[in-house]
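Engineer: I need the structure of the sequence given here:
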Amino acid sequence: MSSLHGLSVLDSAPEEVFDTIVRMAARACGTPIALLSLIDVQRQWFKAQVGMPGVTETARDAAFCNHAIEDDQLLLVPDAARDVRFRDKPSVRGPPHVRFYAGAPLVLGDGARVGTLCVIDHHPRALDGGQLDTLRSLARIATQALEMRGALVREQARLADAAPRQVAARAQALAERGLCADAPVDDQLAYALLHRAGDSTGGRARAEEALRTSQQFQAQAGLVAGIGGWTLDLRSERLTWSEQTRRIHEVDDAFVPTVDHAIDFYAPESRAAIREAIDAGMRTARPWDLELRLVTAKGRTIWVRAVGEVVCEDGRPVRMLGAFQDVTERKGLEQLVARQGATLRAVVEAVPANVSVVDRHGVLQFANGGFKQWCGASRAEILGRPLADVLGRVEYERSQPWLERVAAGETVSFETECVGRRDGAHWAVTCIPLWNEPGRTDGFVQVAHAVRQHRIEAGRPMPASQRDALTGLLNRAGLVAYMERQMAENGGARLAVLCIELAPPAPAQVHDGPAVGDRLLQLFAQRLGGLVRPGDAVARLGRSTFAVVLAGIADALHAGAVADKVSAAAQDPFEIESLQVAGAARVGVAWGLQPGQPWTLLLTRADALLHGTPGR
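Structural biologist: Numbers count the residues shown, from 1 in each chain. As a prediction, the model looks like this:
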């Protein structure tokens, strides 16, 4: 649990990045529930969730995710009620009535598995390969976000804790030194900085006067900020280091620095850069400001910021002045952020979605490979261009109301028919604002997922003539319309049809007339809907006869696997009022058409197999 607690995230307030991740998971997998859960010693705590309002944690021993973190692989539970590990859990037997579960573990850089990104449904079902890949990718993004958040929290805590102690220690040192006006101070640093600030003769004169009249302030600034100074008299070649500069180099008071000594302290790969800066300063009086690696007298490798410039009199260089600061901690944090940023970019490239970043002026600043491919142009051709040009004026104006809302600070999600350049493409789009400072957005991140045609249609009212009134499924007319569209768009080579006949309830269980039978049909229809993918179709063709159409099936084995799941779903008892109603179903499967064959042939073949062979 130490790795989890090191993230400093438990019991923290909701954060938009994690809320967005779970929304994207639920949307991509088509499930009503998605959770970003973290597993503590005795509990499962939700950093973000959709579909379970008001629930923030559960007992660890009751959690599916407690099993999911036992392995680095994604955990799939097609039907929890039929899985001996889960069927007796309270969340299966009661609310939220978990049947389907898929959880991708959150694996930190040290290998610790601290939680999961999971999706849940109330009915048995499966996910296709693209949905599984998306869930795994989103879990990696969530893990990176947790680690980056933890690093930031730790750095903030360290700085908050260290600053008062450093100031107190340095104040004590100043007090012991007496703060007298002629005490040794880092006046070279103040001079270099002030001298750099003056861009004219008058400015430099004012800077020099400020230096001469504020030595006490300079000493305090140098000690508190941890910045040292140095000066080199070019006539005598005498190099002088301030106390703080000696401290950074880890040399004692007896050490006498020379120019060669000073350059030799730099790491071998940094020496050419500092020599070139000094030579250029001597030739042209050009100042330098570099961050280089240095090896101290005690052998520690650190990063330093070296600022310097040449002072001339009568056009001739007479001395050099500079400032010196240990920036190892800041450099380390920058490198950590850079590594994590590179990892995050790699994950974003792998996500099966179009990801882009737009600044507050509406100019495209980042595009992943998916977005680039969708545009049909290289990054060089689209980055730096207005989003209106990249999308096209018509699509940009159609999206304008949503973009205005995200500019005002609102995360928005919408579906559109024409975001893509391909005929028939439909997209689900989420826009997340980026904040530069409180109350001001600095642009937004846009994530777009391709969705199938029928998903857009699902949000529209289905014509009554194509809907079964009892179950809400397609009726025979709706099935005909669906099949004709599939044949026109994709042909029939990769279509499969399942004909299903559900056995009626036993006479002893029907004590309230047809109500139990009707409810059984409704519940079975819900289970069928949970077993198929968003692009498939489910229809009711008769009193207890159903059909499932699977689109884009590669082989008959896939269709057979779905048929097995249908049989298993029917055998699982149905809870109807106070009854446990047993069910059973027969299934016939037909797959694939030759060119020119009508789709009705699939239905005829599946129906013949249904009535000619018991079971399947």
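
Engineer: pLDDT score assigned to residue 287?
Structural biologist: pLDDT for residue 287: 91.

Engineer: that one contacts residue 311, correct?
Structural biologist: No: applying Cβ atoms under 8 Å, one finds residue 287 not in contact with residue 311, separated by 10.4 Å. For glycine as for every other residue, the C-beta is placed from the backbone atoms N, C-alpha and C.

Engineer: what touches both of the two?
Structural biologist: Common contacts of residue 287 and residue 311 (Cβ atoms under 8 Å, 6 or more residues apart in numbering): none found.

Engineer: bridging residues for residue 291?
Structural biologist: With DSSP bridges as the criterion, residue 291 is bridged to residue 305.

Engineer: just the one 4 residues further on next, same as before
Structural biologist: The residues listed as beta-bridge partners of residue 295 by DSSP bridges are residue 301.

Engineer: which strand or helix spans the residue sitting nearest the centre point of the chain?
Structural biologist: Most central in the chain under Cα atoms, centre = their mean is residue 141, positioned 3.5 Å from the mean C-alpha point. Counting by DSSP states H and E, the element that carries residue 141 is helix 129-177.

Engineer: that helix - what's its average pLDDT?
Structural biologist: 68.

Engineer: then stretch 416-427?
Structural biologist: Here the average pLDDT along stretch 416-427 is 52.

Engineer: now the end-to-end length of it.
Structural biologist: Across its full length, stretch 416-427 reaches 6 Å between end residues, using Cα to Cα, to the nearest Å.

Engineer: for residue 551, what are its contacts?
Structural biologist: 486, 490, 494-495, 535-537.

Engineer: the nearest residue to it once chain neighbours are set aside: neighbouring residues, count only.
Structural biologist: Of all residues not flanking residue 551 in the chain, residue 535 sits nearest, at 5.1 Å (Cβ to Cβ, 6 or more residues apart in numbering). Number of residues near residue 535 (other Cβ atoms under 10 Å) recorded here: 16.

Engineer: quick check: residue 535 vs residue 494, distance?
Structural biologist: Distance from residue 535 to residue 494, counting by Cβ to Cβ, to the nearest Å: 11 Å.

Engineer: what do the two both touch?
Structural biologist: Residues touching both residue 535 and residue 494 by Cβ under 8 Å, 6+ apart: 551-552.

Engineer: quick revisit: can you say which helix or strand has the residue nearest to residue 551 in it?
Structural biologist: Counting by DSSP H and E, residue 535 is found in no helix or strand.

Engineer: surely it is in contact with residue 549?
Structural biologist: No: counting by Cβ under 8 Å, residue 535 sits too far from residue 549 to count as a contact (9.6 Å).

Engineer: tell me which stretches of the stretch 1-150 of the chain form helices.
Structural biologist: Along the stretch 1-150 of the chain, counting by DSSP state H, counting those that start in this stretch, helices occupy 2-6, 16-29, 65-68, 90-93, 129-177.

Engineer: to clarify, my last question referred to the stretch 401-550 of the chain.
Structural biologist: Counting by DSSP H, counting those that start in this stretch, the helices of the stretch 401-550 of the chain are 453-458, 476-490, 515-531.

Engineer: would you mind giving those as a markdown table with distance to residue 445, mean pLDDT and mean neighbour count added?
Structural biologist: Output for the helices of the stretch 401-550 of the chain, formatted as a markdown table (distance: least, Cβ to Cβ, whole Å; pLDDT from 0 to 100; neighbours: other Cβ atoms under 10 Å):
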| stretch | distance to residue 445 | mean pLDDT | mean neighbour count |
| --- | --- | --- | --- |
| helix 453-458 | 23 | 42 | 14 |
| helix 476-490 | 32 | 88 | 16 |
| helix 515-531 | 31 | 83 | 20 |
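
Engineer: let me know whether residue 125 touches residue 530 as I believe.
Structural biologist: Yes: using Cβ under 8 Å, residue 125 is in contact with residue 530, at 3.9 Å.

Engineer: any common contacting residues for these two?
Structural biologist: What both residue 125 and residue 530 touch, as defined by Cβ under 8 Å, 6+ apart, is the set 99-100.

Engineer: picking up where we left off before, tell me the one of the contacts of residue 551 nearest residue 299?
Structural biologist: Nearest to residue 299 among those is residue 535, at 63.7 Å by Cβ to Cβ.

Engineer: skipping adjacent residues, who's closest to residue 612 in space?
Structural biologist: Per Cβ to Cβ, 6+ apart, closest to residue 612 is residue 588, 7.8 Å.

Engineer: tell me how far the residue nearest to the centre of the chain lies from residue 17.
Structural biologist: For residue 141 relative to residue 17 (Cβ to Cβ), the value is 9 Å.

Engineer: can you check residue 281 too?
Structural biologist: 46 Å.

Engineer: what's the answer for residue 551, then?
Structural biologist: 34 Å.

Engineer: equivalent analysis for residue 364, please.
Structural biologist: 21 Å.

Engineer: also residue 394?
Structural biologist: For residue 394 relative to residue 17 (Cβ to Cβ), the value is 32 Å.

Engineer: please apply the same query to residue 353.
Structural biologist: 15 Å.

Engineer: what about these two, which has more around it?
Structural biologist: Taking other Cβ under 10 Å, residue 353 and residue 17 do not tie; residue 353 has more neighbours (23 against 15).

Engineer: where does the more buried one land on pLDDT?
Structural biologist: Reported pLDDT for residue 353: 77.

Engineer: touching, it and residue 134? I think so.
Structural biologist: Yes: under the criterion of Cβ under 8 Å, residue 353 makes contact with residue 134 at 7.5 Å.

Engineer: what touches both of these two?
Structural biologist: Common neighbours of residue 353 and residue 134 (Cβ under 8 Å, 6+ apart) are 24, 449.

Engineer: no further queries at this time; thank you.
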